[in-house]
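> structure of the sequence below:
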Amino acid sequence: MKYILDYFQPVSLERPSFEEYFLHQHSFCKHIDIHTPNHKPEGKYEIALIGITENRGSYASDISNGTDIIRNKLYLLNFFSRKTNIADLGNLKSGQSISDTYYGIRDVCLELFSHGILPIFFGGSQDITYGIYLAFESMKKKYSITTVDYQLDCNFENIKTIHFLNYLNQIILNQENLFELCNIGHQQCFEVPPHSNLLENLFYENIRLGLVRGNVPLVEPYLRDSNIVSIDISSVKHADAPGQIISSPNGFSAEEICQMARYAGVSDGVQTMGIYNYSPANDIAQVTASLIAQIIWYFIEGYTYRLNENPKNNSSGFQQFYVTLNDEHHLKFYKSKISHRWWTEVPARNGENIYIACTENDYLQALKNEIPDRWIKIFKKLN
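This is a model prediction of the structure:
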């Protein structure tokens, strides 16, 4: 892992004037390994923090200096688990071109994944997700992406240049191994019908903000089945996160986005998460930086509760339920004896059935002779 530190600028923070009032033995920064000008992390880690200063994928030039503001907020939070080894690698150096940055992210991800390390990206614009996508495509294995965004970042009128409002173009059009794409939180006033129709035709998911507000557990199965989680901080309403590149009066609350981050952290499948599009110039009293720090904190807190459970690997740890619909279709459900989370089995034409996350409501729906919508989409995709 040593050589990838060449990709990073070490952390060098100015101490906030109020630090002495908050810093104590349980502070986050006292329990992680930080890459500084005088120290290089050399241990074994589960999680790596990576700041992004790349801003050429957006029109907001001020986002490049947001990472250290977020760090100052994160470092002062309480640390809760000494069993989780975390390194802050610093800020990723921007390439000579933005394409160089994307491929640098690809290389860093591949190296970290090879050591079982989960990278958390913060700062920069959301097109950074494209670099992560390149890493997963390189691994030649099926993977799933969940974005949390107020709109689908597609724009097929301009496919030559990648930026933070169209990076999904390349992922949707050029991918070979993407199994599932889900966007959580889109607002219909920003919806472009052809883009939504494209996702529908590809059996991908686009979940409306109104369905999730006040019912965050609805999206837990999608986060549980994801490998990449990419959050646009603009998905949070402006009142709770004013430091955004594009602001909207509607969106998730601070509590809801932190709850989603924790669900993503608990997921055994999530291999990387990122929070993007933070604008320090618009951040009143650095409220948004504090929220991003807490999103990272809740993700890591969830990570400490991972159980590595899946009915495919250990069916003895699950209760099994069989539902027959109309004497024709037979659905299998599994409930964990430990976490009480649910899965369902979807048959594939090649005989390699897959297990997808679901909720107890999906099981109850099947008991009413109704096949859950997500089960139908996955079945069509497989067959």
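> looking at the chain, which helix or strand does the model trust least?
helix 19-22 (a mean of 61; mean pLDDT, DSSP states H and E).
> after it, which helix or strand is next? Please name it.
As assigned by DSSP states H and E, the chain's next helix or strand after helix 19-22 is strand 33-34.
> please state the offset of that following strand from the chain centre?
23 Å (Cα atoms, centre = their mean, to the nearest Å).
> what are the pairing partners of that strand, and which direction each?
In the sheet, strand 33-34 lines up against strand 86-92 (parallel) (DSSP bridges).
> got the CA positions of the partner strand in CSV?
Backbone C-alpha positions of strand 86-92 (Å, rounded to 0.1, in the frame of the first residue of the first chain) are rendered in CSV as follows:
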residue,chain,number,x,y,z
ILE,A,86,-8.9,3.7,9.8
ALA,A,87,-6.4,5.7,7.8
ASP,A,88,-6.8,9.2,6.4
LEU,A,89,-4.7,9.1,3.2
GLY,A,90,-5.0,12.8,2.6
ASN,A,91,-6.2,14.6,-0.6
LEU,A,92,-5.9,12.8,-3.9
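> now the closest residue to residue 272 other than its chain neighbours, what's its secondary structure?
Excluding the flanking residues, the one nearest residue 272 by Cβ to Cβ, 6 or more residues apart in numbering is residue 119, at 5.0 Å. All C-beta spots, glycine's among them, are computed from the backbone N, C-alpha and C. Using DSSP: H, G, I helix; E, B strand; the rest coil, the structure places residue 119 in strand.
> then stretch 35-51 to PDB, C-alphas only?
C-alpha atoms of stretch 35-51 as PDB (Å, rounded to 0.1, in the frame of the first residue of the first chain):
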ATOM      1  CA  HIS A  35      -0.900  10.700   6.500                       C
ATOM      2  CA  THR A  36       1.000  13.900   7.400                       C
ATOM      3  CA  PRO A  37       4.200  15.400   6.100                       C
ATOM      4  CA  ASN A  38       6.000  13.600   8.900                       C
ATOM      5  CA  HIS A  39       4.100  10.300   9.000                       C
ATOM      6  CA  LYS A  40       3.000   7.700   6.500                       C
ATOM      7  CA  PRO A  41       0.400   5.100   7.400                       C
ATOM      8  CA  GLU A  42       1.800   1.600   7.300                       C
ATOM      9  CA  GLY A  43      -0.600  -0.600   9.200                       C
ATOM     10  CA  LYS A  44      -3.500  -2.800   8.300                       C
ATOM     11  CA  TYR A  45      -6.700  -0.900   7.800                       C
ATOM     12  CA  GLU A  46     -10.400  -1.600   7.100                       C
ATOM     13  CA  ILE A  47     -11.300   2.000   5.900                       C
ATOM     14  CA  ALA A  48      -9.400   4.700   4.100                       C
ATOM     15  CA  LEU A  49     -10.500   8.400   4.100                       C
ATOM     16  CA  ILE A  50      -9.800  10.200   0.800                       C
ATOM     17  CA  GLY A  51     -10.300  13.900   0.200                       C
END
